[in-house]
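Everything below, folded, please.
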Amino acid sequence: MGETEKNYYDYGIDGFWLDEAEPEFATYDYEHFRYYIGSDLKAGNCFPLLHTKGVYDGLRCAGEKEPVSLVRSAWVGSQKYAAVVWSGDIYSNFSSLRDQMSGGLNIGLAGIPWWTTDTGGFFGDVTDPEFNELLVRWFAFSAFSPVLRLHGDRGPHDIPNLAEGEFGGGFSPTGRDNELWSYGEEVYKILKKFLDIRISMKSYLKEIMREASENGSPVMRTLFYEFPEDEICWEIADEYMLGSRYLVAPVLYGGIREREVYLPKGKWRHIFVNRIYETGRYTVSAPLDEIPVFERIG
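Model (predicted):
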């Protein structure tokens, strides 16, 4: 791995956040930017694939049996090199949350099952009255997504810089704390509730991750992937399956405390209220500490 091995792996670091793997240019003059194999316009999409492959191959040569990298760019085949793709630096608003739902489903259909997002968005201001509700709804969505992670540059950026000569951080503008407990006791209790649910699903998540590795099945699936014979499932864009067992209907708008859901053929158990439903359309409650999630029975 060269310098990566010398400066990181030899110190015990065996997983990498490769971040910007496009690469990003000051000006996107794709036609004139050249790689060895051709112009960026012609070959640029190969860059993130080969970038991730290089790190993957190096880790395997170093003896790692299950290397993994977090990247913000991918191309056809990136999944072969254990790329966990996240959707990049996105804005903290409900419109962006809705985009993540679409993005997660589409990248799964494109063959890349390991996908994640900056929960709460990247560019967010904690003084925004809408932010805590957005964070809770986004965290609930992430808890039932392929990978759950909390990340973002939280504003306002008014943390004082350190005085000259001092050490320990603060020498440049920085975001605020972004742990589960950073947003008050009420938010913490809700986030921990969803985190505990996520932890309780560990065995199931390992099962569907193994399935993704073996046959390419998305972890986060469109309804029509599981129910191709149901015409309604081809029209629904705001529900999805986590593996084959759980139907998830996240809350994607602010101020919402109930929403309509469609349940395909079969019997379904609402995991929060423990009520059994059969196929059909229903309006179900969605208080701030719950989202409609249904376990497939049988």
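
Now the longest strand seen in the chain: buried residues?
Longest strand of the chain, by residue count under DSSP state E: strand 258-270. Applying a neighbour-count criterion of 16 or more other CB atoms under 10 Å, one finds 259, 261, 262, 263, 264, 268, 270 buried in strand 258-270. Placement of C-beta: from N, CA and C, glycine included.

where exactly do the helices run in the stretch 1-150 of the chain?
Taking DSSP state H, counting those that start in this stretch as the test, the helices found in the stretch 1-150 of the chain are 3-7, 40-43, 46-61, 94-109, 131-143.

what's around residue 116, how many residues?
Residues contacting residue 116 under the criterion other CB atoms under 10 Å number 19.

just checking, it touches residue 84?
Yes. With contacts counted by CB atoms under 8 Å, residue 116 reaches residue 84, the gap being 6.2 Å.

what touches both of those two?
Common contacts of residue 116 and residue 84, defined by CB atoms under 8 Å, 6 or more residues apart in numbering, comprise 70, 147.

Quickly, which of the helices of the stretch 1-150 of the chain bottoms out on average pLDDT?
When these are compared on mean pLDDT, helix 40-43 scores lowest, with a mean of 83.

So what touches that helix?
Here helix 40-43 makes contact (CB under 8 Å, 6+ apart) with 30, 31, 33, 34, 35, 37, 47.

Buried members of these into PyMOL, please.
Selection of buried members from the contacts of helix 40-43 for PyMOL, criterion 16+ other CB under 10 Å:
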select buried, resi 47
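
Export the contacts of helix 40-43 to JSON lines and append columns for distance to residue 275.
Below are the contacts of helix 40-43 laid out as JSON lines (distance: CB to CB, whole Å):
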{"residue": "30", "distance to residue 275": "53"}
{"residue": "31", "distance to residue 275": "58"}
{"residue": "33", "distance to residue 275": "57"}
{"residue": "34", "distance to residue 275": "61"}
{"residue": "35", "distance to residue 275": "57"}
{"residue": "37", "distance to residue 275": "57"}
{"residue": "47", "distance to residue 275": "50"}
